[in-house]
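Participant: how does the following fold in three dimensions:
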Amino acid sequence: RMETDCNPMELPDNAGFEEDSDYTDFEGTEVKDMRLEAEAVVNDVLFAVSNMFVSKTLPCAEDVAYINVETRERNRYCLELTEAGLRVVAYDFDKTDDRLQTPYHETVYSLLDSLSPAYREVFGNALLQRLEALKKESQS
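Facilitator: Have a look, this model is predicted:
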């Protein structure tokens with residue numbers, strides 16, 4: 001990739017870059033936003049799954065990122081993160097299956113809750129521990 005000194009804030013809104021062009025991932029544009037969003041999703045629920053990470057193989061774009069997740073039941077999924085939410089796009093890491101028509105979930109919690117009973121249990125227990133800690137704090 002070519003480095004550039006261009007400040008994206010100086011570009012007019014109608015610069016007309018095509019979505020698939022190489023220009024969509026230079027520093028400072030919204031391209032990093034979906035990846036950052038994906039990283040935040042991973043950091044939020046990593047404790048409740050076996051493995052979870054942003055895909056380094058599938059392309060992140062301004063409007064999409066892919067997250068690989070392995071549940072505690074050892075099931076692997078590739079998730080697509082877009083403005084519409086999260087959905088399963090394959091039953092393996094770093095893959096997408098266009099034939100798969102899975103529903104979007106507004107949150108990663110909702111998605112994992114539907115995929116993994118073990119996630120639900122671990123997340124619920126963590127929530128209970130946090131509530132107990134808050135209760136103790138307020139009583140002291």
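
Participant: Met52 against Ala40, yeah?
Facilitator: No. Taking contacts as C-beta atoms under 8 Å, Met52 lies outside contact range of Ala40: 11.9 Å. Where you see a C-beta, it was placed from the backbone N, CA and C, and this is true even at glycine.

Participant: of these two, who's got more company?
Facilitator: Set Met52 next to Ala40 and count neighbours by other C-beta atoms under 10 Å: Met52 wins out with 23 against 10.

Participant: run through the bridge partners of the more buried one.
Facilitator: When assigned by DSSP bridges, Met52 has beta-bridge partners Val69.

Participant: buried residues, the host helix or strand of Glu121. List them.
Facilitator: Counting by DSSP states H and E, the element that carries Glu121 is helix 117-139. Residues Ala118, Tyr119, Val122, Phe123 are the ones in helix 117-139 that count as buried (16 or more other C-beta atoms under 10 Å).

Participant: show me the contacts for the residue nearest to the spatial centre of the chain.
Facilitator: Central residue of the chain (C-alpha atoms, centre = their mean): Ala38, 3.0 Å from the mean position. The contact partners of Ala38, taken as C-beta atoms under 8 Å, 6 or more residues apart in numbering, are Val54, Cys60, Ala65, Tyr66, Ile67, Leu81.
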